[in-house]
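In: Sequence unavailable; structure follows:
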């Protein structure tokens, strides 16, 4: 049997997950109320809901028919290190996910067609001397934007429809600390929350709250005293 590369295998998983998406024709704004209400046809935040259960009530795929699944489409994100580690989010038929180096994609959930892609300009010299790998765990969506963190300490907001940057905020002096963002942000009530590396990494494990409309830092909390 031919071995499937890990990054392709994970992309296949994205295609299967995309069957959860509803038609784009019925798109509604993604806001806190919609995320709280939940919808079986969408996956609007990293853990599926604010309760972080990672649970879907869908039952179309079950133990009796899972073996009959076939690949619907494959998307390969390009430059990749340690494969794909992100959890996609889905809203109204569009699947948003990240590859390594914070490469961000919006795909048609039914066909895999690329609607838009965004490849941030990163500080390659800094990344080459960081002690952690350049994987990225995912995005947040809300108020018409897609939010993604970068390895060089920035939080970027992209227009959900076009992928064009709305703002780009530097939150960490990564040159000094050699840490950045690899985890998925969380959107709630007009604030984007994101945490940087801590514990075994340099720094104090800060968590930031950023204004979703402007990119201005609202607050910072250090998890290590």
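Out: Received it, and whenever you're ready, just let me know what you need. All values reported here derive from a predicted model rather than from experimental measurement.
In: Show me the beta-bridge partners of residue 192.
Out: Residue 192 has these beta-bridge partners by DSSP bridges: residue 187, residue 210.
In: so it makes contact with residue 181?
Out: No. Here residue 192 does not reach residue 181: they are 11.2 Å apart, not a contact under C-beta atoms under 8 Å. The C-beta positions use only the backbone N, C-alpha and C, and glycine is treated the same way.
In: So for the two, which residues contact both of them?
Out: Common neighbours of residue 192 and residue 181 (criterion: C-beta atoms under 8 Å, 6 or more residues apart in numbering): residue 155.
In: After the lowest-mean-pLDDT helix or strand in the chain, which helix or strand is next?
Out: For the chain, counting by mean pLDDT, DSSP states H and E, helix 6-17 ranks last in confidence among helices and strands (a mean of 47). Helices and strands here follow DSSP states H and E; after helix 6-17, the next one along the chain is helix 32-37.
In: Give the buried residues for that next one.
Out: In terms of neighbour count (16 or more other C-beta atoms under 10 Å), helix 32-37 has its buried residues at residue 35.
In: What are the contacting residues of it?
Out: 28, 44, 45, 49, 50, 142, 187, 188, 189, 190.
In: Select only the buried ones of the residues you listed in ChimeraX?
Out: Here is the ChimeraX command that selects the buried residues among the contacts of helix 32-37 (16+ other C-beta under 10 Å):
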select :44,45,49,142,187,188
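In: Could you list which of the contacts of helix 32-37 belong to strands?
Out: The members of those that map onto strands under DSSP state E are 142, 187, 188.
In: what about the helices in the protein?
Out: 6-17, 32-37, 124-128, 174-177 (DSSP state H).
In: Check the offset of stretch 79-95 from the chain's centre.
Out: 6 Å (C-alpha atoms, centre = their mean, to the nearest Å).
In: returning to what we had before: return the member of the contacts of helix 32-37 nearest to residue 80.
Out: Closest approach between those and residue 80, by C-beta to C-beta: residue 45, at 24.2 Å.
In: Okay, now the unreliable bits of the chain?
Out: 1-26, 82, 130-132, 174-178, 198-203, 225 (pLDDT under 70).
In: the strands in it, which residues?
Out: For the chain, the strands defined by DSSP E occupy 89-91, 94-98, 104-108, 114-118, 140-142, 145-149, 154-159, 165-170, 186-188, 191-195, 206-211, 217-222.
In: Those strands into TSV, with extra columns for distance to residue 79?
Out: Putting the strands of the chain into TSV (distance: least, C-beta to C-beta, whole Å) gives the following:
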stretch	distance to residue 79
strand 89-91	22
strand 94-98	12
strand 104-108	13
strand 114-118	12
strand 140-142	23
strand 145-149	15
strand 154-159	17
strand 165-170	19
strand 186-188	26
strand 191-195	22
strand 206-211	26
strand 217-222	29
